[in-house]
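A.B. asks: give me a model of this one.
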Amino acid sequence: MAYGFNSVLRRRYLPAWITLVVGLAASGGLGWRLHRQAVELDRLRLERMAEVVRERLQTKLQTTDLIMRHAQDYFGSQEIITAGMFREWCRKYGWSITAPWMHGLAMYTNRNAGHWRDRLPADLTTWKAAEFRSFARLASDATVSLEFAFGYSHDPTKRWPTNYAKRVTWGERLQGFAGAIPVNSPQTTGRQVVIEHAGGEARYGATVGVPIYEPGRDELRDLIVGARPKVDGHLYNWNLCRGVLLVPVDYVLLESLIWGDEPREVGVEIYAAAQPGPDAWLNRAASSVRALDQSFKPYLTVSVPWKLYNAHWSLFVYTLPAFEAGSPRYMARLTFFAGAAVTLLATALVGVGLRAQNRQRLLTEQIRDARDALVAAEQQRQRLSHDLHDNTVQTLYAIQLGLGHTSQKLDSEPAHARRELSTVRAELDGVIAGIRRFITAEERTEIAADLSVVLHTLVARAQVGTKAKLELHCDAAAANRLTGSQAVQLANIAREALSNSLRHGKPQRVQITLQLDSGVVYLEIFDDGAGFDPKVPGRQGVGLASMTSRTTELGGNLNLQSAPGQGSRVVVRVPASPPPRGEPEPAGKDQALP
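C.D. replies: Residues are numbered from 1 along each chain as shown. Have a look, this model is predicted:
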């Protein structure tokens, strides 16, 4: 029962369900599409911000490059470099303000600087091809032997923990700072301890080195390289190397200075390697490498390669809450929730409309049921009216006529009057019993009844209360071809017609005929009374309407013929039921029921 109710509920509100499903699907699809577009836009924005971070870091380090190049030019132009000269230059330059991420500046000199001068003529203009070949051979065979010379830091508590003093051959020129000497280019180390504060507190970072050459290097180089045969410039730089300037860089401080006062939307991890790893993390700020931490799940991440000082580094950039606050994903969510809200509103409106429509349909059905009940009650009332009129009322009319006739015999024939009164009393008892059966619904129309016996009884009762001559011509075969319901209905029609003739027509003779002809049962009631005009409005009362209704229920037809002064004739034709098995169909004219 509940399933049926739910099924009906779903069917009645199907448009509302369709509106809800389609609306939510459209809102979800549009929201998901906008979400994907927003994520793609955020990814592009993150990539641009990562490029900006790399450019800002590069710009900061360009300041370090300028300082180192300036130191390279200054000390490379001096014939003699002293500790006082070194400290004076460092104090005057003041990089603690312009480049606070530089812990200091150190100088390592080359013990083998100028070794070629002791083996070749001092006047380079006199060199022959043999001298040039010796110059190139000396560069390939000689080593660069670095030793610490000077160091300076604005913070006197800082000291250099790493000793870069070592001997480097030409074959090792691409390793460490030796790679910077032949090409005159800055070189960097990987992640290491670059400085120590008082108490041994170590600071990690990377050290950048740039070579220092002998004074007048460019003039000497132009003289040698322009001669014949030419000498490779790399070998020339190797022979003229005076030492290396080293700058330890604090990348934690460097990364923090690229943001300024603007809110940080991304986090950055700098790795001194092409791939992230704990041994390459320069700006370490947590206990684990976020780029490799599976539990670290920011909104978006991106890895950016960074080629710095002839080394391949990488940046790992990830989003922070400030980045997500500016993400257009919220517009996608707003679109979905707004669409869902509109869908729910539309669904509610459609549901309200359907509810009103369903209530109207229910009220219509109730009104229709009430109308059908009223029609059924009216039909029942008419049936009751017809039954009471045809049975009880007509019998009472007959009793009334009989009592009137008997009252005339009370004085002249008292004995005969007493017999008639007894008969009337018996008829009243029959009327009372009939009414009781009618009220308790004990009477059944399908009970078999012999119409000929009923008609004889009807004529006998009516004859008591009238002076007219009543004649009955009843065909037994016709009575046998009627069902119980047909017999009852025809008996009621005959009673109604006879009562009308006796009460209104005042006839001298009334003839009732029942016959069978070609499968049709005829019931005819004729009187020679006053007659009437059936076409006059109001002359066809309840009796005629009752006879017509009963004839229609039997599937037959009723014909009324009457005129003023010419009596009346009522003819009822109904189809006969099939004859009993083995009994032949009676002969007669072959005619259809009019």
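
A.B. asks: going forward, measure contacts and count neighbours with C-alpha atoms only.
C.D. replies: Noted.

A.B. asks: partners of the lengthiest strand in the chain, with directions?
C.D. replies: The longest strand of the chain (DSSP state E) is strand 202-213. Here strand 202-213 has these sheet partners by DSSP bridges: strand 187-188 (antiparallel), strand 192-196 (antiparallel), strand 241-249 (antiparallel).

A.B. asks: how far off centre is it?
C.D. replies: Strand 202-213 sits 62 Å away from the centroid of its parent chain (Cα atoms, centre = their mean, to the nearest Å).

A.B. asks: repeat that for stretch 238-253.
C.D. replies: 65 Å.

A.B. asks: let me see the contact set for Tyr204.
C.D. replies: Listed by Cα atoms under 8 Å, 6 or more residues apart in numbering, the contact set of Tyr204 reads 191-195, 250, 282.

A.B. asks: helices or strands up against the top helix by length along the chain?
C.D. replies: Ranked by residue count and defined by DSSP state H, the top helix of the chain is helix 14-76. Under the contact criterion of 3 or more Cα pairs under 8 Å, 6 or more residues apart in numbering; DSSP states H and E, helix 14-76 touches strand 202-213, strand 241-249, helix 251-256, strand 301-308, strand 311-319, helix 329-387.

A.B. asks: same thing but 6 Å
C.D. replies: Applying 3 or more Cα pairs under 6 Å, 6 or more residues apart in numbering; DSSP states H and E, one finds that helix 14-76 contacts strand 202-213, helix 329-387.

A.B. asks: any idea how far Ala178 is from Pro578?
C.D. replies: 133 Å (Cα to Cα, to the nearest Å).

A.B. asks: please identify the most buried of the strands paired with strand 202-213.
C.D. replies: Highest mean neighbour count of those: strand 241-249, a mean of 25 (counted as mean count of other Cα atoms under 10 Å).

A.B. asks: could you give the angle of that one to helix 14-76?
C.D. replies: Here the directions of strand 241-249 and helix 14-76 differ by 140 degrees (axes from the mean of the first three to the mean of the last three Cα atoms, to 10 degrees).

A.B. asks: any idea of the pLDDT on the residue lying closest to Gln72 once chain neighbours are set aside?
C.D. replies: Spatial nearest neighbour of Gln72, excluding adjacent residues (Cα to Cα, 6 or more residues apart in numbering): Ile212 at 5.5 Å. In this model, Ile212 is scored at 94, pLDDT.

A.B. asks: same check on the one 5 residues further on?
C.D. replies: In the predicted model, Arg217 carries a pLDDT score of 79.

A.B. asks: before we move on, back to that, Ala178 and Pro578: who's more crowded?
C.D. replies: Ala178 (24 against 13; other Cα atoms under 10 Å).

A.B. asks: how close does that one sit to Pro211?
C.D. replies: Computed as Cα to Cα, the Ala178 to Pro211 distance reads 9 Å.

A.B. asks: ok, now Leu46?
C.D. replies: Distance of Leu46 to Pro211, given as Cα to Cα: 38 Å.

A.B. asks: what about these two, which has more around it?
C.D. replies: Counted by other Cα under 10 Å, Leu46 and Pro211 do not tie: Pro211 has more neighbours, with 31 against 21.

A.B. asks: got phi/psi on the closest residue to Gly529 other than its chain neighbours?
C.D. replies: Nearest residue to Gly529, sequence neighbours excluded (Cα to Cα, 6+ apart): Pro507, at 3.7 Å. Backbone torsions of Pro507, given as degrees, to the nearest 10, read phi -80, psi 170.

A.B. asks: kindly report the same for Tyr108.
C.D. replies: phi -120, psi 120.

A.B. asks: quick one: secondary structure of the closest residue to it other than its chain neighbours?
C.D. replies: Nearest residue to Tyr108 in three dimensions, chain neighbours excluded: Phe148, at 4.4 Å (Cα to Cα, 6+ apart). Following DSSP: H, G, I helix; E, B strand; the rest coil, the label given to Phe148 is strand.

A.B. asks: count the neighbours of Phe148 for me.
C.D. replies: With other Cα under 10 Å as criterion, Phe148 counts 16.

A.B. asks: still on that earlier bit, tell me which of the helices and strands packed on helix 14-76 sits most buried.
C.D. replies: Mean neighbour counts for the helices and strands packed on helix 14-76 (mean count of other Cα under 10 Å) peak at strand 202-213, with a mean of 24.

A.B. asks: can you pull the domain assignment for this protein?
C.D. replies: 79-255, 259-325, 446-594 (automatic domain parsing).

A.B. asks: which of those has the lowest mean pLDDT?
C.D. replies: The bottom spot among the domains of the chain, by mean pLDDT, belongs to domain 446-594, with a mean of 79.
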